[in-house]
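1. here you go, sequence then predicted model.
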Amino acid sequence: MERRVTIRKTAKLFIGGAFVRSESGRTFTYKQDGRVVNVARASRKDVRDAVRAGRTAWPSWRDRTAYNRGQIVYRVAEMLESRREQFTDALLASGIAPGAAAGEVNAAIDRVVWYAGWCDKIEQLLSTKNPVGIKHFNVSSPEPTGVVGVVAPDRPSLLGLVSTVIPVVCGGNCAVVLVGESDPLCAIALAEALATADVPAGVVNILTGGFADTVPTLAGHMDVNALDLWIGDEKLDAAAAQRACDNVKRVRRGGAPARRFWFGDSAQGPDWIEAFMEIKTVWHPAGV
């Protein structure tokens, strides 16, 4: 049998719908279970490029009908289902037991489907006609916040990522997602699924690498409207929240909950979409 050279995967950043190398050229090597993967290490400029891509994509994504966003999110679930083996393999490589890996893939796909159904229902849930004491109609309805920075949890690497990113885009926002070095394979696989899932370029941008440079840059960026922080490092978490004050970003600090948290009902709900939506109230004269 002819011997072949082993083809090692080189994982790139996912920015603006394209797979790109870090502008710095830096990489890190992920070694697990006999596997070696060269992974791009995002720089501060990569973060800025991702925010720009998200901001460019946001008006079009925001203005799509909620029904169409639901169709696209459901397509993401279809792509995860078709790539089930790839995601399971990524989890196995990180040391997850076979049964647990299969269960996490199932939970992640089910969660995406669940949120797809909420895309065209969240507005009805959050909208209201407010009682006022004068001759006016007073109506409140939700709108997307804009560009949301997500620092994804390390574990569970697939379900935690899906649980934080999908609610953001369901609400009409665009996401810039930072994934750490400890377990990047599922994020890489998710980026490849998103690239073929009808998700418009720039709606989800995924950057891998250390958090020392990227988290402060994302937190302090004046064109990022909100942060969703799931960082195990309390010092870095607090520093990011402090930098977010410069332009009064909305910040959710989730910390590092136990793995079992992500499989429970507390890790999904319409409130996860609402967390990154703003409520607009309109007054209109009702006549005499």
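-> Okay, I see it.

2. going forward, measure contacts and count neighbours with C-alpha atoms only.
-> OK.

3. quick one: list the elements packing against the lowest-mean-pLDDT helix or strand in the chain.
-> Least confident helix or strand of the chain, by mean pLDDT, DSSP states H and E, is strand 128-129 with a mean of 82. Packing contacts for strand 128-129, counted by 3 or more CA pairs under 8 Å, 6 or more residues apart in numbering; DSSP states H and E, involve strand 136-144.

4. in the strand it packs on, which residues are buried?
-> 136, 138-144 (16 or more other CA atoms under 10 Å).

5. want to throw those residues into CSV with pLDDT?
-> Supplementary listing: those in CSV, determined by pLDDT from 0 to 100:
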residue, pLDDT
His136, 81
Asn138, 79
Val139, 83
Ser140, 86
Ser141, 87
Pro142, 90
Glu143, 94
Pro144, 96
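
6. and the helices in the protein?
-> With DSSP state H as the criterion, the chain has helices at 44-63, 66-82, 84-93, 98-118, 122-126, 159-170, 185-194, 211-220, 234-243, 270-274.

7. what helices or strands is the third one leaning on?
-> Secondary-structure packing of helix 84-93 (3+ CA pairs under 8 Å, 6+ apart): helix 98-118, helix 185-194.

8. ok, back up a step: out of the helices of the chain, indicate the one that is most buried.
-> Among those, the stretch with the highest mean neighbour count (mean count of other CA atoms under 10 Å) is helix 159-170, at a mean of 24.

9. which outside residues touch it?
-> The contact list for helix 159-170 (CA atoms under 8 Å, 6 or more residues apart in numbering) reads 69-70, 73, 104-105, 107-108, 111-112, 115-116, 118-119, 148, 150, 152-154, 174-175, 177, 187, 203-204, 228, 262-263, 267-268, 272-273, 276.

10. before we move on, what about stretch 200-211?
-> For stretch 200-211, the surrounding residues in contact (CA under 8 Å, 6+ apart) are 13-18, 28, 39-42, 46-47, 50, 53-58, 61, 169, 173-181, 184, 187, 191.

11. ok, 7 Å please
-> For stretch 200-211, contacts defined as CA atoms under 7 Å, 6 or more residues apart in numbering pick out 13-17, 40-42, 50, 53-54, 57-58, 174-181, 184, 191.

12. grab the nearest non-local neighbour of Ile231.
-> Gly255 (5.2 Å; CA to CA, 6 or more residues apart in numbering).

13. quick one: the one you found from Asp233, how far?
-> 8 Å (CA to CA, to the nearest Å).

14. these two: who's more crowded?
-> Using other CA atoms under 10 Å as the criterion, Gly255 and Asp233 rank with Gly255 on top: 15 against 11.

15. what's near enough to touch the more buried one?
-> Residues counted as contacts of Gly255 (CA under 7 Å, 6+ apart) are 229-232.

16. distance check, it against Arg155.
-> Taking CA to CA, one finds Gly255 at 12 Å from Arg155.

17. just the buried ones from the contacts of stretch 200-211?
-> Applying 16+ other CA under 10 Å to these flags 13-17, 40-42, 50, 53-54, 57-58, 174-181, 184, 191 as buried.

18. remind me which residues of the stretch 151-288 of the chain are low pLDDT?
-> 288 (pLDDT under 70).

19. kindly recompute the last result at 80.
-> 287-288 (pLDDT under 80).

20. if we can go back for a sec, report the buried members of the contacts of Gly255.
-> 229-231.

21. strands - which of those land there?
-> Leu229 (DSSP state E).

22. adding distance to Val251, write the buried ones among the contacts of Gly255 out as JSON lines.
-> Conversion of the buried ones among the contacts of Gly255 to JSON lines gives the following (distance: CA to CA, whole Å):
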{"residue": "Leu229", "distance to Val251": "7"}
{"residue": "Trp230", "distance to Val251": "11"}
{"residue": "Ile231", "distance to Val251": "13"}
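
23. Ser43 contacts Thr214, correct?
-> Yes: using CA atoms under 7 Å, Ser43 is in contact with Thr214, at 6.4 Å.

24. who touches both of those two?
-> Residues touching both Ser43 and Thr214 (CA under 7 Å, 6+ apart): none.

25. what's the spacing between the residue nearest the centre of the chain and Asp183?
-> When CA atoms, centre = their mean is applied to the chain, the residue found nearest the centroid is Val165 (2.4 Å). Separation of Val165 from Asp183 (CA to CA): 17 Å.

26. cool, Pro156 as well?
-> 9 Å.
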